[in-house]
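1. Sequence below, structure please.
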Amino acid sequence: MTEHLPDPDLSAQERGRYARHLTLPEFGVAGQRRLKTASVLCVGAGGLGSPLLMYLAAAGVGRIGIVDDDRVEVSNLQRQVIHAESGLGQLKTDSARQRIVGLNSHCRVEQHACRLTTTNAIELVEGHDLVVDGSDNFPTRYLINDVCALLNKPWVYGSVQRFEGQVSVFNQGPQSPDYRDLVPEPPPPGLVPSCSDGGVVGVMPGLIGLLQATETIKLLAGLGESLDGRLLLVDGLTMRFRELRLQRRPQRPPITGLIDYEAFCSVDNSGRLEGASSVRSISVKELSALLDDGGELVLIDVRNPSEADVAVIPRSQLIPLAQIENGERIEEIRRLAGQGPIYVHCKLGGRSARAVELLSQQGIDATNVAGGIDAWSQQVDPGVVRY
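-> Numbering: from 1, shown residues only. Alright, predicted model coming up:
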């Protein structure tokens, strides 16, 4: 690994700190020196990034870069254990750095309070030995994959949803598979719900992040056998681990440059369905005015029942998107349309836009509520819980 620190030798204090590593025959002083001179870029300081960052720092990785433009919110604390209540409202990069420095003052932390984009990715990645993925969306994963391919950098992949997770190592060598071998084409927008939409049990990012940290330490220290060419699947409900073999796709086109990943994955900058802006919409403030006027209208909530248990907009009727997609509730909605104009909301506006499109195909006129219940909480009624 590139020696980013001036003195790769271990001080007496460091030998004491890392004694349990040094006594491992497979690790020893040589392995610890590799960690000390290594540099890792972690994209995301959330659920996956929390255990990753803490254990990489505790293990003695010399330089850690953190890329994240979010701020700490109360709903993060259920799983993003690097952050604390005292850090609410802080940039996640600031909060994470404070925790890391408090854990290991030998670790150098570089903060990048921004999103990883095509304009900054090469500059951010090229100065590090390895990239670890703590993101939660397809455009960022494809971007990480392609920039690492262009720069010949390995990266450690992880993802979580509900009670399940995945881990692998991509681009370790010239013949290694990468993310495009696992997911050649992005799934249709809205097919795979995000953690905020579908939920996630708090310990799963911890478990997957620890597995990613293990793979990262092994790669940096030159230990064992990595998950190169293997996808580890974890089911937290049954506590079963499965493994799938991954291979490079024959005749796969080479990666020669970066592309527009938001367009490739058919989402806009807010994560909504591409084309959602063409769906007729109103703002949450306009909806609030209509409700205050007491006029006849039908407000349909297309979120999942578990989300409705957390927070609701008054006068809304719960009809999950899945029951519109399979046609189960279409006739019921058709009858509701006779009671007044139909407005549809979800959490952020993506699923409701999809519902409006599906209803239109059935000859039912409906209007999307832009921003969903999250915008309602921020702009209309702060008493409605954000999640």
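2. Strands along the stretch 1-150 of the chain, start to end?
-> 39-43, 63-67, 108-112, 130-133 (DSSP state E, counting those that start in this stretch).
3. ok, the last one: who's next to it in the sheet?
-> Sheet neighbours of strand 130-133, with direction, are listed as strand 39-43 (parallel), strand 155-161 (parallel) (DSSP bridges).
4. quick one: the shortest one to strand 108-112, angle?
-> Strand 39-43 and strand 108-112 meet at an angle of 30 degrees, taking axes from the mean of the first three to the mean of the last three C-alpha atoms, to 10 degrees as the criterion.
5. mean confidence for strand 39-43?
-> Taken as a whole, strand 39-43 has a mean pLDDT of 98.
6. What is the least confident helix or strand in the protein?
-> The helix or strand of the chain with the poorest confidence is helix 195-198; it has a mean of 61 (mean pLDDT, DSSP states H and E).
7. Report the next helix or strand after it in sequence order.
-> helix 203-221 (DSSP states H and E).
8. what's the distance between the spatially most central residue of the chain and residue 22?
-> Among the residues of the chain, the one closest to the centroid is residue 136, at 1.4 Å (C-alpha atoms, centre = their mean). To residue 22, residue 136 is 36 Å away according to C-beta to C-beta, to the nearest Å. Bear in mind the C-beta positions are built from the backbone N, C-alpha and C, glycine included.
9. again with residue 242
-> Counting by C-beta to C-beta, the gap from residue 242 to residue 22 is 35 Å.
10. Report the backbone C-alpha coordinates of stretch 25-35 in PDB.
-> Below are the C-alpha coordinates for stretch 25-35, written out as PDB (Å, rounded to 0.1, in the frame of the first residue of the first chain):
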ATOM      1  CA  PRO A  25       1.200 -14.900  13.400                       C
ATOM      2  CA  GLU A  26      -0.800 -14.100  10.300                       C
ATOM      3  CA  PHE A  27      -0.800 -10.400  11.200                       C
ATOM      4  CA  GLY A  28       2.300  -9.400  13.200                       C
ATOM      5  CA  VAL A  29       4.200  -6.100  12.900                       C
ATOM      6  CA  ALA A  30       4.200  -6.200   9.100                       C
ATOM      7  CA  GLY A  31       0.400  -6.400   8.900                       C
ATOM      8  CA  GLN A  32       0.000  -3.500  11.400                       C
ATOM      9  CA  ARG A  33       2.500  -1.400   9.400                       C
ATOM     10  CA  ARG A  34       0.400  -1.900   6.300                       C
ATOM     11  CA  LEU A  35      -2.600  -0.700   8.100                       C
END
